[in-house]
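1. quick check, what structure comes out for this input:
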Amino acid sequence: MTTSAAPKFCEGIQYFGEAWEDFSRHAGRAAIAEGEAAIKDSNSADAAYQTLLMADALRYVTLQVCGSKGSGHPGGFASSAEAYASLVMLGHTNIVTEVGHHAPGFYSAMFLDTSLEEMGIKTMSDMMARFREKHGLLGHLSGAIPGLLAPAGPLGQGQHFAMAGALLHPGKLFPVTIGDGGMGEPYVLNSMMHFNTAYPRVTNFLPTLIWNGYSQEHHSMVSRFTNEEMIAYWKGHGFKEVVLIDAKDFDDSNQAGDYVDSSRFSLKQRLAFASAVLNGVDKAAKSALGGTLTAFIIKQLKGTGVHTVGAKSHNLYPADSLDKPHMIEGLKRRALNPEAWAIVRENFVRAGGGPAVRTAVTEHVLELAPLGKMPIHEYAKGERAVPATAMGALVAYVGTQDKRFVVTNADGNEASAMKNINDALKIRHPTVDPLYNQEPEGQVYEPLNEDACAGLAAGLCLFGSRAIWLSYESFAINGWPIVQTVAQAMAELRRKTPSVVSMFTAGALEQGRNGWTHQRPEIENYFAAQMRNGNTYPLFPCDANVIQAAYEYATNSFNKCMVIIASKSPLPVYMSVEEAKHAVEEGAATIYESKGGSKTVVFAVTGDMVLMPVFEAKDRLEADGYKVRIVSVVNPRRLYRSVDISWDTVAEPDNKFMDDAHFNALFDADMLLAVSGGPSAVLEPVLLRTRAARRDTFAWKRGETTATPAEIMAFNGLTAEAMVKRVMAA
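-> Below you'll find the model as predicted:
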């Protein structure tokens, strides 16, 4: 085959090289035979040879595509190439990553297996044109790229996706590449250790540590570990089998230091290293699939085989363009002959049973258990009921209908007045104890770690199953970044998946005795900002009927992020179930209106407990001749105008917004007071659209230790007296 006869997909590849020694002997035909999904023998010399060809093909595409924009991250993935290629050759193609900076390498794999053709990327020229461009291949992995299982951005998240995949798909391996630069991020090994304690039989995920000695701008914090210390570190977190392959053991180029560039070895030693990695990955994969918690570690220098090494290989800058000598030299060192490209493509297309766009588990909608009609209990108006407990009964019902359903909670359901969930579904724990509702097969996952709770729940939803994360609002920020990541990914998905649902109890107004550590409702501003994304819905049920309607609404939705915020205290019921469903769907509803009065004051309220001073203020204002309307703002996203929200850019778009006539009927007033037990941002759509000439806000300011909710509300100025005074002064 001549260069001019190179495969069509090679159009745009700048450099071709000579065939390696013994190419015709070891690469005359693809090691993955036609009709097969993997190599037959990891000890085969042909398999090792073609694994190394695949690794260098991945390095070449990664470097050239990054160089085409003088931007992107080639170095970290380059040091993983033999491990990634080994997984592919062994047929394990449901691969996720904890490292967003490995994105160009993952894109290269999807290019080589033809998955990117789904988005019109058929040649190297196409790939360069679309790399790091709108509607193309963004800088970090997302939910939109064909064949890729999960997003990758903030470090410390990828293992959650691997564990979710393993839980949902027994018998399939879910490798997750982890960089040693990210080992210092919270909970990476900790979360896997807890998961293994709770799900000891679910070992079909394989953390694959890319130990290259560097983070993105300096040496990694574990770079001084010896091999023995690194193995002990993983074993100390419950891993029974740790397979470590160190490139240093194969070095015949006399490189200094503990981390070496295997691309500088002789071909003989490069092949020996590739063979060792291939066999090591095979051993680790079989161990993980066989019921043993296993990790694989590849140790070689960051930047192996690209333009430079160490942290300097991490990121390209405008000076690292394809016409620069160091980039040209790096590409030429990795250049393959046209026949090699053809063999690499053939192996990629066959691996795992076909291109990832057709075979990855997340490319298909996972069948969901039918729930039937939710058993909503109707509380009478005026009755006092605990919103959290009312919702807990529905969560328990969903779990009894859907055995894959998982509830996660770090601080305990019982502490949030949702013991009914534990009674029905049981806490998953190896120690059986009826007093604490503990059973090994329980559906309630309770690591004392919000990141692990949010991660598993969000991962399960992204991978197509139902779950819910329950937390104290004050601690939710510790797990929220992965929910935000998944929410954004869901907005881009090319398939339907259950929304990620969260419910946060014990808001600031209930936590006086605990002080400011438990009074952090500022996270509501985070939710408020995300509303404009198009698929995020903070929900503020005002009572036990509305929270049931809100949970039904959230559970039956798809590709969205639903956040329910409510109290765990007995509070009055203001709406019937029918009215509650209408309020959730429409966005807001009147829960009280005076029969007469000279001037109208409207209270637009998010929350439940904060209604107490509002109703007290109502009494005083009516006594002074005012007409008062109290509107519960349940679903503020519905109250924006359509132009305010990116609703038309997301999967499963929702363009239902309250029209002006209905909005004005609720909020027209001589004076409007926007009241929140948290921050005021969630009331932005009301303040944005109201025609009231006079408007004001009452919202959270800061925490303090208090004996009662009334005292903490007073500390924040959320009192009837203050509200009446503000109206009178207007």
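2. which residues in the stretch 301-450 of the chain form helices?
-> For the stretch 301-450 of the chain, applying DSSP state H, counting those that start in this stretch gives helices covering 325-334, 338-350, 356-359, 387-401, 419-425, 450-462.
3. now residue 166: closest residue in space that isn't a chain neighbour?
-> Of all residues not flanking residue 166 in the chain, residue 205 sits nearest, at 4.0 Å (C-beta to C-beta, 6 or more residues apart in numbering). Just so you know, the C-beta spots here come from the backbone N, C-alpha and C atoms, and that holds for glycine as well.
4. how about residue 101?
-> Nearest non-adjacent residue to residue 101, counting by C-beta to C-beta, 6+ apart: residue 73, 3.9 Å away.
5. what of residue 50?
-> Nearest non-adjacent residue to residue 50, counting by C-beta to C-beta, 6+ apart: residue 31, 4.5 Å away.
6. same check, this time on residue 566
-> residue 387 (4.1 Å).
7. domain-wise, how is the protein divided?
-> For the chain, automatic domain parsing gives the domain ranges 3-363, 384-729.
8. chain center to the last one, what's the gap?
-> Chain-centre distance of domain 384-729: 21 Å, with C-alpha atoms, centre = their mean, to the nearest Å.
9. what mean pLDDT does that domain get?
-> Across domain 384-729, pLDDT averages out at 95.
10. can you give me the helices in the stretch 601-730 of the chain?
-> Remark: helices assigned in the stretch 601-730 of the chain by DSSP H, counting those that start in this stretch are 611-623, 660-667, 684-689, 709-715, 720-729.
11. run through the stretch 101-250 of the chain and note the low-pLDDT ranges.
-> The model of the stretch 101-250 of the chain has pLDDT under 70 over residues 184-186.
12. so what's residue 607 closest to, chain neighbours aside?
-> Counting by C-beta to C-beta, 6+ apart, residue 607 lies nearest to residue 677, which is 3.9 Å off, once chain neighbours are set aside.
13. burial of that neighbour, as a residue count?
-> Residues near residue 677, counting by other C-beta atoms under 10 Å, number 30.
14. is it in contact with residue 612, as I believe?
-> No: contact criterion C-beta atoms under 8 Å: residue 677 and residue 612 do not qualify, at 9.9 Å.
15. tell me, what's touching the two both at once?
-> Listed as contacting both residue 677 and residue 612 by C-beta atoms under 8 Å, 6 or more residues apart in numbering are residue 713.
16. on that earlier part again, the helices of the stretch 601-730 of the chain: which one's closest to residue 266?
-> For residue 266, the closest of the helices of the stretch 601-730 of the chain is helix 684-689, at 64.7 Å, according to C-beta to C-beta.
17. which helices and strands sit right next to the closest one?
-> Other helices and strands packing on helix 684-689, by 3 or more C-beta pairs under 8 Å, 6 or more residues apart in numbering; DSSP states H and E, are helix 660-667, strand 671-676.
18. output that helix as CSV, nothing but the C-alphas.
-> Coordinates of each C-alpha in helix 684-689 appear next as CSV, following Å, rounded to 0.1, in the frame of the first residue of the first chain:
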residue,chain,number,x,y,z
GLU,A,684,-35.3,36.5,40.1
PRO,A,685,-38.0,35.6,37.5
VAL,A,686,-40.7,37.2,39.7
LEU,A,687,-38.7,40.4,40.2
LEU,A,688,-37.8,40.4,36.5
ARG,A,689,-41.4,40.3,35.3
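19. okay, buried residues for that helix please.
-> 684-687, 689 (16 or more other C-beta atoms under 10 Å).
20. again with stretch 384-404
-> By neighbour count with 16+ other C-beta under 10 Å, stretch 384-404 contains the buried residues 385-399, 402, 404.
21. before we move on, what about stretch 435-454?
-> Buried, per 16+ other C-beta under 10 Å, within stretch 435-454: 437-439, 442-447, 449-454.
22. and the gap between residue 258 and residue 211?
-> The gap separating residue 258 from residue 211 is 10 Å, by C-beta to C-beta, to the nearest Å.
23. er, residue 356 I mean
-> Taking C-beta to C-beta as the measure, residue 356 falls 26 Å from residue 211.
24. and for residue 329, the neighbour number?
-> 10.
25. state the pLDDT value of it.
-> At residue 329 the predicted local distance difference test score is 97.
26. how about it, what does it touch?
-> residue 307 are the contacts of residue 329 under C-beta under 8 Å, 6+ apart.
27. pretty sure residue 50 sits in a helix.
-> Yes: assessed by DSSP: H, G, I helix; E, B strand; the rest coil, residue 50 belongs to a helix.
28. who has more neighbours, residue 258 and residue 211?
-> Neighbour count, other C-beta under 10 Å: between residue 258 and residue 211, residue 211 has more, with 28 against 16.
29. what segments of the stretch 551-700 of the chain are strands?
-> Taking DSSP state E, counting those that start in this stretch as the criterion, the stretch 551-700 of the chain contains strands spanning 561-565, 571-572, 588-593, 600-606, 627-633, 671-676, 694-698.
30. now do the stretch 51-200 of the chain
-> All strands of the stretch 51-200 of the chain, identified by DSSP E, counting those that start in this stretch, fall at 96-97, 174-179.
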